[in-house]
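Participant: Just the structure for this:
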Amino acid sequence: MSNTEQTSSGMRFTGERVIPEMPEMRVTFIQSLAAYEYAATQADGARVIDAGCGEGYGSALLADRAAFVLGLDQSAEAAAWAAGKYGTSDRLGFAAADVTALPVADATVDLVCCFQVIEHLPDPAAFLAEVRRALAPGGVLVLTTPNLLVAGARPNPHHVQDFSPTALEATLRTIFDDVELLGIFGSDAVSSYRAKNDSVVSKIVRLDVLGLHRRIPPRIAEPIHVGLTRIVRRVLNRGNRDLVSTLSTADFPVRGGDVSEAIDLLAVCRR
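Facilitator: Residues are numbered from 1 along each chain as shown. Here you go, the predicted model:
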């Protein structure tokens with residue numbers, strides 16, 4: 001079994017990569033789009049890096065307002081796919097690159113977006129230091145990651161480490177002095193959907209009485225996670241068609257204050 005699955009769009013689903021045309025992952029796509037819409041408010045006339053751009057839809061959205069957006073992904077396949085789908089121009093480009101070695105000169109970027117990536121990195125501080133190097137004075141990093149306090153019920157073998165609000169802020173402050181911690185929350189409809197998802201996932205985890213999902217190597221756990229994710233979402237979406245079809249980014253508001261119950265943490269770090 002491969003640790004990826006082919007989708008109808010032709011783009012491979014890795015379990016983490018968001019693909020807009022993938023029906024069973026529509027809720028995740030809308031949630032991710034909410035983060036990009038927030039970041040776009042910071043992008044007017046800006047030089048932008050979308051670090052971990054994946055399929056490229058977010059980079060294309062940012063390019064509507066930015067002076068230039070460079071979408072970067074460690075996967076050459078993803079970068080090539082994004083360039084083919086969304087095109088390249090004097091306002092949008094894509095390249096394969098390691099986000100801990102950004103291919104730009106010092107202090108030349110106004111905005112770095114990095115969504116659902118830091119939890120995959122073995123050395124988050126090295127990445128944050130690289131972002132700070134690339135940011136011009138006054139530049140901004142907008143970053144999201146799943147909230148461990150909420151996502152803990154969903155074991156994910158793709159992640160190196162997950163962050164609570166306290167842990168994320170502490171990590172960010174090792175590099176940035178100006179850190180604002182916000183959250184991406186869910187409407188009542190989203191909460192209902194997620195509760196049903198958690199119920200199914202919890203039942204599956206309980207079947208693993210020996211806790212094997214915590215002990216088997218990632219090369220085995222990851223393809224299992226990919227397959228189960230698609231199956232669970234298909235079943236949920238089939239039973240909640242009206243809810244899923246009517247969700248919009250308005251169902252995923254971004255706000256500050258107490259973020260302990262946020263679905264995703266959203267940090268704004270200023271240089």
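Participant: Show me which parts of the strand or helix carrying residue 169 are buried, residue by residue.
Facilitator: With the criterion set as DSSP states H and E, the secondary-structure element containing residue 169 is helix 165-172. Residues 165, 168, 169, 171, 172 are the ones in helix 165-172 that count as buried (16 or more other C-beta atoms under 10 Å). Any C-beta I mention is one placed from the backbone N, CA and C, and that applies to glycine too.
Participant: what's near enough to touch the second one?
Facilitator: Spelled out, that is residue 168. Contacts here follow C-beta atoms under 8 Å, 6 or more residues apart in numbering; on that basis residue 168 touches 145, 181, 265, 267.
Participant: which ones are touching residue 146?
Facilitator: By C-beta under 8 Å, 6+ apart, the residues touching residue 146 are 116, 119, 156, 159, 162, 163, 263, 264, 265.
Participant: which element follows the helix or strand where it lies toward the C-terminus?
Facilitator: Counting by DSSP H and E, the element that carries residue 146 is strand 135-146. As assigned by DSSP H and E, the chain's next helix or strand after strand 135-146 is helix 148-151.
Participant: can you give me the mean pLDDT across that next one?
Facilitator: When pLDDT is averaged along helix 148-151, the result is 89.
Participant: ok, the strand holding residue 146: who's next to it in the sheet?
Facilitator: Partner strands and pairing direction for strand 135-146 (DSSP bridges) are strand 109-115 (parallel), strand 264-270 (antiparallel).
Participant: Okay, the residue most central in space within the chain and residue 145: tell me how far apart.
Facilitator: Central residue check for the chain by C-alpha atoms, centre = their mean: the C-alpha nearest the mean position is that of residue 116, 2.7 Å away. Here the criterion is C-beta to C-beta, to the nearest Å. By it, residue 116 lies 6 Å from residue 145.
Participant: got it, and residue 168?
Facilitator: With distances defined as C-beta to C-beta, the gap from residue 168 to residue 145 amounts to 6 Å.
Participant: Please apply the same query to residue 188.
Facilitator: Plainly put, residue 188 is 24 Å away from residue 145 if you go by C-beta to C-beta.
Participant: Looking at those two, which has the bigger crowd around it?
Facilitator: Between residue 188 and residue 145, counted using other C-beta atoms under 10 Å, residue 145 has the larger neighbour count: 25 against 8.
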